[in-house]
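Chemist: the following comprises the amino acid sequence and a computationally predicted model.
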Amino acid sequence: MTGAIVLAFGAVSSLGEGLRAFDVGEVDSPPRVAIEHDSILEEAGLLRPVMARARWLDFDRRDRALQLLDRALGSCLAQLERAMPAFRNRRIGIALGTTSGGMLPAEDLFARLAAGKSSPRSLARSATYFGPFEQALATVPCSFSPRVQVLGACASSSLAMGLALRWLRLGRCDIVLAGGYDAISVFVASGFEALRATTSTRPNPFRLGREGLALGEGAAVMALAPASASPSRAIGYIAGFGASTDAFHLTAPDPSGRGLRLAAEQALTDAELGPSEITLVSAHATATPFNDVAEAKAIAGALGGSKPAAVHPFKAQIGHTLGAAGVLESLAALDAMRRNLAPAAAGEGAHDPECAVPLLETNRRLASRATLKLSSAFGGANAALVLTPTPPSPGVSRAPRPVFVRAFAAIDGPLDPARLLEWLAGRHPHVHRLDRMARLALSAVAALSGTAALMLPRGSGVIVGHALATLEQNELFHERLRERGARHVEARRFPATSPNAAAGECAIALRLAGPSFAVGASLHGGMQALGVARDLVASGDAPAMLVVAPDLEGPTSFGLLAAAEAPPLGEGACAALLSAEPGAGAVALEDEVPETLADGSDWTWAAPAGHGELRSYLAHLFALRRLLV
């Protein structure tokens, strides 16, 4: 299969900007580490105030995520213009990942709403998960299509790069900007500490006595084009992609590493490379006790008897940059391969015998052919990429598969609790712990099961499309933070603040092993989810995909939408089943799914965005089919 060339990049991390953001150093040099004590987290009352900030940049705290993304995106576009001066005449797509989006403005919004204060329109729009994405693109003189923001928690930017590879192969665009961004807020830091996932010193991945991760902030964007493009200088290549889901637990990895191993094997197959050709592994390496062991098993299983020369745990140097982690770690791996280096692993202490991976004390000389990049996330999402310093083999070109909508269902509000519990009986091990968003999403899936037999083929997945995502649940978490302080937030509420949680809960209930994650680049997340699921089925990443668009309603969402001068979404959800097999009564999905019905639509819908928009579009498709028949 044809890979993608990295034409340009922009990057910001605690290590610096540009090349310095991911520079792995010279031969024989130890790793640079930017993780240190953080006064902002200490002032908030956290017990483990350790993280990696871009302290050399003078940022306003509230707009920090936007400023990080602005710098990375601006640098990438400037570099792309030098490499390809006429790039704006090409069809350009964009796929960026984040875990928290506009969380810093959201904290301000929550406090204002709780105090009964009015909120300016600008604050309301920036406080959404897509706030930084929307504002950053508003200043760029380009038109982007497809246009997706991945809300796949810590695997977000790796998933975004995988989507970019798929769009290029499907011919949906000529160039894709792909990457991710995140700034660290007290909201996010307190949640990770409550889950006991953070360290009091520095992370020690794959070593005995490790405590957990240190958060970091950053942003990076790559400009990708088909590998056949011939620029004067290539930064590197993405040769393969794979995605899977553990369907095991919302926040804990499958101890066997089975899901991550599957994603790695898919990426190797996609790149048409054997395990012996992988000389480096860019690990997810959170330095938490369970994740490192599961990842070590996944690496060993995917590579069989082959052993890489080095495993690179870059988070131990720049912190866990969440939505930016996958792309910054990929750039570090490409930099190492370009300079013929095997990068050193930061950390101290004896190696954990349960994590039998090679860790180097200093950089060594190595001519590497390929790197396996691994990412995992809340919700059980896994992503893997194969990176190469030279053009991958063209491989066998395969035509996209046709995609059909087998059925869809919509609900106004969640199902009756008794009915939902009856449907979930035997399906979900923790059914009574499900949060509101998960119950709403699963209610739509349960309604769908009444119109279509949900006998999903092995390898199927789910894409959840969000408008305002977990805003209502975030406010509940923040309420406790305001009342009791960051040290006393409720650990049980934090996982539900991840927009990827609903996708993970659906995967657990239906035992889905294929790609499962959330998207939302605007209030039209449901339509974007339909397009993403369509592309994954068309590319052969899954035989079938569920699409779910849930919208919660409550005082916080009412307040935000009113301040932003937008109509309410209404509480409800829509679910659809997409398949490569038509089946009776199925409708062929258009090759180009509109990303929004807000402009130029000649039919009406229950709401101008969210689940109602997806519901209207699907109803139109089936009504049109009946007319044609």
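Modeler: Yes, it's here. Quick caveat: nothing in here was measured; it's all calculated off a predicted structure.
Chemist: how near is D63 to T556?
Modeler: 21 Å (CB to CB, to the nearest Å). Every residue, glycine included, has its C-beta placed from N, CA and C.
Chemist: okay, these two: which has more neighbours?
Modeler: Between D63 and T556, counted using other CB atoms under 10 Å, the more crowded position is T556 (24 against 18).
Chemist: with adjacent residues omitted, what lies nearest to the more buried one?
Modeler: Closest residue in space to T556, ignoring its immediate chain neighbours: E475 at 4.3 Å, by CB to CB, 6 or more residues apart in numbering.
Chemist: for R166, same thing?
Modeler: Per CB to CB, 6+ apart, closest to R166 is S539, 4.7 Å.
Chemist: need the contact list for that neighbour.
Modeler: By CB atoms under 8 Å, 6 or more residues apart in numbering, the contact set of S539 is 166, 169-170, 400-401.
Chemist: Throw those into TSV and include neighbour count, thanks.
Modeler: Converted to TSV, the contacts of S539 look like this (neighbours: other CB atoms under 10 Å):
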residue	neighbour count
R166	24
R169	21
L170	16
P400	18
R401	14
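Chemist: for these, which one is nearest V593?
Modeler: For those, the closest approach to V593 (CB to CB) belongs to L170, at 12.2 Å.
Chemist: and the closest one, how far from V176?
Modeler: Computed as CB to CB, the L170 to V176 distance reads 11 Å.
Chemist: do R339 as well
Modeler: Look at R339 and V176: by CB to CB, they are 26 Å apart.
Chemist: which of these two has more residues huddled nearby?
Modeler: Taking neighbours as other CB under 10 Å, R339 and V176 compare with V176 leading, 26 against 18.
Chemist: so the more buried one sits in a strand?
Modeler: Yes. Applying DSSP: H, G, I helix; E, B strand; the rest coil, one finds V176 inside a strand.
Chemist: could you find the closest non-adjacent residue to it?
Modeler: V176's closest residue in space is A164 (CB to CB, 6+ apart), at 3.8 Å.
Chemist: and for F87?
Modeler: L80 (5.5 Å).
Chemist: residue closest to the middle of the protein?
Modeler: Nearest to the geometric centre of the chain sits S156, at 1.6 Å (CA atoms, centre = their mean).
Chemist: quick check: that residue touching G97?
Modeler: Yes. Assessed by CB atoms under 8 Å, S156 is found in contact with G97 at 2.6 Å.
Chemist: any idea how far G171 lies from E17?
Modeler: Taking CB to CB, one finds G171 at 34 Å from E17.
Chemist: I misspoke; the intended subject was G379.
Modeler: Plainly put, G379 is 31 Å away from E17 if you go by CB to CB.
Chemist: neighbour count for these two, which is higher?
Modeler: Using other CB under 10 Å, the more surrounded residue of G379 and E17 is G379, with 34 against 18.
Chemist: go ahead and confirm the more buried one touches A503.
Modeler: Yes. Here G379 reaches A503: they are 5.3 Å apart, a contact under CB under 8 Å.
Chemist: and for those two, which residues touch both?
Modeler: 152, 245, 516-518.
Chemist: closest one of those to R233?
Modeler: Proximity of the shared contacts of G379 and A503 to R233 (CB to CB) peaks at G152, which lies at 31.0 Å.
Chemist: could you verify my assumption that the closest one touches M161?
Modeler: No. G152 is not in contact with M161 according to CB under 8 Å; the separation is 11.5 Å.
Chemist: which one of these two has more residues nearby?
Modeler: The neighbour comparison of G152 against M161 (other CB under 10 Å) goes to G152, with 37 against 31.
Chemist: give me the distance between that one and Q473.
Modeler: Counting by CB to CB - G152 and Q473 are separated by 18 Å.
Chemist: now A243
Modeler: Using CB to CB, A243 is found at 25 Å from Q473.
Chemist: ok, now G218?
Modeler: 26 Å.
Chemist: who has more neighbours, these two?
Modeler: Using other CB under 10 Å as the criterion, G218 and Q473 rank with G218 on top: 32 against 24.
Chemist: how's the chain carved up into domains?
Modeler: 4-388, 404-628 (automatic domain parsing).
Chemist: quick one: closest of those domains to P394.
Modeler: Using CB to CB, those put domain 4-388 closest to P394, at 7.7 Å.
Chemist: average model confidence for the closest one?
Modeler: On average, the pLDDT along domain 4-388 is 94.
Chemist: how about stretch 498-518?
Modeler: In the prediction, stretch 498-518 has an average pLDDT of 95.
Chemist: I'd like the numbering to begin with 343 instead of 1 from here.
Modeler: Sure, I'll start numbering at 343, so the last one becomes stretch 840-860.
Chemist: report the buried residues of that stretch.
Modeler: By neighbour count on 16 or more other CB atoms under 10 Å, the buried set for stretch 840-860 is 840-852, 854-860.
Chemist: first-to-last residue distance for that stretch?
Modeler: In stretch 840-860, first residue to last residue: 10 Å (CA to CA, to the nearest Å).
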